[in-house]
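Undergrad: Any chance you could fold what I've pasted below:
(one chain, ligands or ions: 1)
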Amino acid sequence: MNILILNSGSSSLKFQLINTSVERIERNTDARLAHGVIERIGGMAIITMQAEGKPPVRLTEPIRDARAAVEYVIRWICSDNAEIETVKSVADIHAAGHRVVHGGEKFTRSVLITEEVLRGIEDCIELAPLHNPANIKGIVAAREVFGKGLPQVAVFDTAFHQTLPEHAYLYALPYQLYRRHRIRRYGFHGTSHRYVAYRYRQIRKLRREQVNIITLHLGNGCSAAALRGGDSVDTSMGLTPLEGLVMGTRSGDFDPAIIDFLSAKEGLSAQEVESLVNKQSGLLGISGLTNDMRELLDEARENGDRRANLAIEIFCYRVRKYIGSYLAAMNGADAIVFTGGIGENSAEIREKICGGLSWLGVELDAESNLRQTGGREGVISTDDSRLAAYVIPTNEELLIARDTVRVVEHVPQRF
Ligand code: AMP
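TA: Presented below is the predicted three-dimensional model:
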């Protein structure tokens, strides 16, 4: 089956076209046929698209809205320009898989999108006001373009974390707030944590119940998850993706009393404070330079910039604290797994994080650590390390494509 994966944001649309099937999943022979992104939808859009093995196409064109963007992608995929041998018309696209950010407590796995499911996703808008409306637009646009005959599947960022026990997902706030407003920890990046856990299981040839690991998704957004018996039992992001680790522009954990203090001292509205902690904090806020870890590392190395170094130090320190607390929460683990742009590529950051974990039994193999970059998968700890460390590049789109096939073919989803 050719599956179109759509990740619809407020002004962007990312897509991939992946050929997969139940047999291909079993044999691990799924194939990506094309991918791309349309940015600045609503104005003069910047379009980047590439069919596998062909040169990338880059152009600008006015694109009105989400529907026009979906139409554009499909027209290109089916056109002679794209040169995708097996896709010549809309009939050659067999299903669509959508990334949906918030599934609340309603969605614990990926589902076929029906009217009822769409209403369920709408019900979660209050929990993710920036993301879910954009995801819905993408779904509705795809429906309009493909018609109702094409199966469409929703894959939720929150679903994997629905196994969190009550004591991990509840905040110590008055309980009726949870009852009334569903205020609790939901967690995000679930598709990524689930994918790397699945790969870890394959590499180590384990059964799902034997997976006891801490997964660290370190990208522009960052989150940690504690996986016991294959299930997510704790995670660092909360009601929203703001909580937890230090991120590119998000603060992660901080004393909530700072919000009132800040608005009084700086004369900021609630909205301005929210923007400050989400968009101007984290690596960017501390360094005053950039939210991009690679640039910070360069700045620290080449110019010895004090605040770049400080941002890196605070980032790594927070990750270490989470690893320590999850080891306590889980009563020990077998491995920590790095993924995301920083986790997959920066040997230096992995070294800084693991260097402070020697008491916990983490011993990195310097050479393997240096080797594991640019999409390479493998172990980075020594053979004697009590707690192993791995790098496993994430592939959320592949998991969305596989879930889409499983839902359409009524095959149980593998977690
Ligand atoms: P993501 O959101 O997963 O795409 O990750 C983006 C983050 O990964 C940015 O902070 C990048 O600077 C960082 N990143 C990518 N490559 C490297 C690298 N080689 N070294 C350090 N950070 C990197």
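Undergrad: Regarding Gly42, which helix or strand does it belong to?
TA: Gly42 belongs to no helix or strand when assigned by DSSP states H and E.
Undergrad: And for it, the neighbour number?
TA: Number of residues near Gly42 (other CB atoms under 10 Å) recorded here: 14. Bear in mind the C-beta positions are built from the backbone N, C-alpha and C, glycine included.
Undergrad: cool, and Val73?
TA: 25.
Undergrad: And Ile259, by the same measure?
TA: 16.
Undergrad: mind checking which helix or strand it is in?
TA: Counting by DSSP H and E, Ile259 is part of helix 257-266.
Undergrad: CA atoms only: put that helix into CSV for me.
TA: What follows is helix 257-266, C-alpha atoms only, in CSV (Å, rounded to 0.1, in the frame of the first residue of the first chain):
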residue,chain,number,x,y,z
ALA,A,257,5.1,31.1,41.1
ILE,A,258,7.5,32.8,38.7
ILE,A,259,4.6,33.4,36.3
ASP,A,260,2.8,35.8,38.7
PHE,A,261,6.1,37.3,39.8
LEU,A,262,7.2,37.9,36.2
SER,A,263,3.9,39.5,35.1
ALA,A,264,4.0,41.9,38.1
LYS,A,265,7.7,42.8,37.7
GLU,A,266,7.8,43.1,33.9
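Undergrad: Show me what it is packed against.
TA: helix 270-279 (3 or more CB pairs under 8 Å, 6 or more residues apart in numbering; DSSP states H and E).
Undergrad: Can you name the residues in contact with stretch 243-263?
TA: 185, 218-224, 235-238, 241-242, 268-270, 272-273, 276-286, 291-293, 311, 314-315, 318-319, 322 (CB atoms under 8 Å, 6 or more residues apart in numbering).
Undergrad: Let's see that with 6 Å instead.
TA: 220-223, 236-237, 242, 273, 277-279, 281-284, 291, 314-315, 318 (CB atoms under 6 Å, 6 or more residues apart in numbering).
Undergrad: So, low pLDDT: which residues of this protein?
TA: By pLDDT under 70, the low-scoring segments of the chain are 415.
Undergrad: Could you tell me which residues of this structure lie near the ligand?
TA: Residues of the chain lying near the ligand by CB under 6 Å from any ligand atom: 219-220, 248, 292-294, 297, 340-342, 345-346.
Undergrad: Just the buried residues of these.
TA: By neighbour count, with 16 or more other CB atoms under 10 Å, those hold 219-220, 248, 292-293, 297, 340-342, 345-346 as buried.
Undergrad: Secondary structure for those residues - can I get that in CSV?
TA: Formatted as CSV, these follow (DSSP: H, G, I helix; E, B strand; the rest coil):
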residue, secondary structure
Gly219, coil
Asn220, coil
Gly248, coil
Asp292, coil
Met293, helix
Leu297, helix
Gly340, helix
Gly341, helix
Ile342, helix
Asn345, helix
Ser346, coil
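Undergrad: quick revisit: ok, so of the residues of the chain next to the ligand, who is nearest His131?
TA: Asn220 (14.7 Å; CB to CB).
Undergrad: Need phi/psi at the closest residue to the closest one other than its chain neighbours.
TA: Leaving aside its chain neighbours, Asn220 sits nearest to Gly248 (4.1 Å; criterion: CB to CB, 6 or more residues apart in numbering). When read as degrees, to the nearest 10, the backbone of Gly248 gives phi -50, psi -60.
Undergrad: ok, Gly248 to Gly288 distance?
TA: 14 Å (CB to CB, to the nearest Å).
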